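J.: need a 3D model of the sequence below.
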Amino acid sequence: NNYGVMNVYAPLQINSQLTSTSSTTGSLIVNGGASFNKDTIIYSTTLSTSTGTGSLQVIGGVGIGSDLHVGGTSYVDSTGQATNVLNASTNNGAVISLRTNNSERWVISKGGDTESGSNAGSNFYIGRYSDSGSYIDNAFTISRSTGICNCSDGLNVWGILAIQNTTLTSSTTTGALQVI
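T.: Numbering: from 1, shown residues only. Below you'll find the model as predicted:
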């Protein structure tokens, strides 16, 4: 057993074909932390169909300090409620970008508008983009403070439109339904 530092200044090749099935089996067993100061590539092409399959399996949590790119489908599996959390710092948006050939088509976001109290700011937006990926407008917005929904270019309803408010009208600017 070597309990000190082992420096290797040439490629280290392990020719064992043992498969790892636990923390105590496989061709390389590390019973301490490991640090990699260069790029690390895993050449196995084993597909993942669950949290316990694939070329790289991590039993605990994973902290990633920068961007994450997934070349296939991203799944969130949970025995309880499955949750994706987008947590932005104050006055910054949180965005889900839907793209075609890396050109934006739709953006679903929490805006970065200032949270100034009374539930103001961090409004909800669905933005639309042109064929060239240029922003057109927010097709749909919801104000966090009021709950008011806005559709920028119209609303088509193919079924029943029920208006639950029973406020009576006394002018063109009052009442449950106002046509402007």
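
J.: what stretches of the protein score poorly on pLDDT?
T.: Counting by pLDDT under 70, the chain has low-confidence residues at 1-2.

J.: list the buried residues for the strand or helix carrying residue 136?
T.: Using DSSP states H and E, residue 136 sits in strand 135-142. Neighbour counts over strand 135-142 (16 or more other CB atoms under 10 Å) mark 138, 140, 141 as buried. Every C-beta, even on glycine, is put in place using the N, C-alpha and C of the backbone.

J.: now distance to residue 73 too, for those residues, in a markdown table please.
T.: As requested, the buried residues of strand 135-142 are exported to a markdown table (distance: CB to CB, whole Å):
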| residue | distance to residue 73 |
| --- | --- |
| 138 | 28 |
| 140 | 26 |
| 141 | 30 |
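
J.: on that earlier part again, ok, and what's touching the strand holding residue 136?
T.: By CB atoms under 8 Å, 6 or more residues apart in numbering, the residues outside strand 135-142 that reach it are 104, 123-130, 148-153.

J.: I'd assumed residue 163 was in contact with residue 175.
T.: No: taking contacts as CB atoms under 8 Å, residue 175 lies outside contact range of residue 163: 9.9 Å.
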